[in-house]
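*Asks:* here you go, sequence then predicted model.
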Amino acid sequence: MMADEIYQETLIARAKSGRERNRLPEPDATVTLDNPLCGDRVTIDVSVDEGVVTAVGHEVRGCMLCEATAAMIAAYAVGGNVDSIHAHADAVRKMIKEGTPAPGSWPDTAALGPVHGTKSRHNCVLLPFDALTDAIAQATRTPASPPSTENASPF
């Protein structure tokens, strides 16, 4: 897999746009997850009202893919209902793991597709989605999708 297939202009621009995002002052839930293999750390804050995400904040210390994904989440999850966000997260997981397109996806999601061919980068994309679904679950007290454990350290 060529690096330029993964590190597309779309994702670079999205990552840069996300660097200006901040944490929420009073979120309903906050989740921080780490990827011990590459050192990514993502924190996602959410506010949810009657099943709709009303605000997302984030902070990323990590690679461009993790930054771009967190920025997509902050840009597109607001206003979405919890079920549609869970469905989108599942579609992205399937796209990354199996290489299938994410139907009805948010803008820019297709740019993540080439990551499928580089297994070591899967968790860079999935970590922010895991944090998002975990935060939504905490905010709404509903079960989250199981977090990605592939390539995760048992320690």
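*Replies:* Received it, and whenever you're ready, just let me know what you need.
*Asks:* for the protein, which helix is longest?
*Replies:* If you go by DSSP state H, the chain has its longest helix at helix 122-140.
*Asks:* residues of that helix that come out buried?
*Replies:* 122-140 (16 or more other CB atoms under 10 Å). Every residue, glycine included, has its C-beta placed from N, CA and C.
*Asks:* so which other helices or strands are in contact with it?
*Replies:* Helices and strands touching helix 122-140, by 3 or more CB pairs under 8 Å, 6 or more residues apart in numbering; DSSP states H and E, are strand 29-35, strand 40-49, strand 52-61, helix 64-76, helix 82-98.
*Asks:* pick the most buried one from those.
*Replies:* Mean neighbour count (mean count of other CB atoms under 10 Å) peaks for helix 64-76 among these, with a mean of 25.
*Asks:* got the angle for that helix vs strand 40-49?
*Replies:* 10 degrees (axes from the mean of the first three to the mean of the last three CA atoms, to 10 degrees).
*Asks:* report the angle between helix 64-76 and strand 52-61.
*Replies:* Using the same axes, to 10 degrees: helix 64-76 against strand 52-61 is 160 degrees.
*Asks:* could you say what helices and strands helix 64-76 packs with?
*Replies:* helix 9-18, strand 40-49, strand 52-61, helix 122-140.
*Asks:* same thing but at 10 Å, please
*Replies:* helix 9-18, strand 40-49, strand 52-61, helix 82-98, helix 122-140 (3 or more CB pairs under 10 Å, 6 or more residues apart in numbering; DSSP states H and E).
*Asks:* now those in JSON lines, with distance to residue 72?
*Replies:* Conversion of the helices and strands packed on helix 64-76 to JSON lines gives the following (distance: least, CB to CB, whole Å):
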{"stretch": "helix 9-18", "distance to residue 72": "6"}
{"stretch": "strand 40-49", "distance to residue 72": "12"}
{"stretch": "strand 52-61", "distance to residue 72": "10"}
{"stretch": "helix 82-98", "distance to residue 72": "9"}
{"stretch": "helix 122-140", "distance to residue 72": "8"}
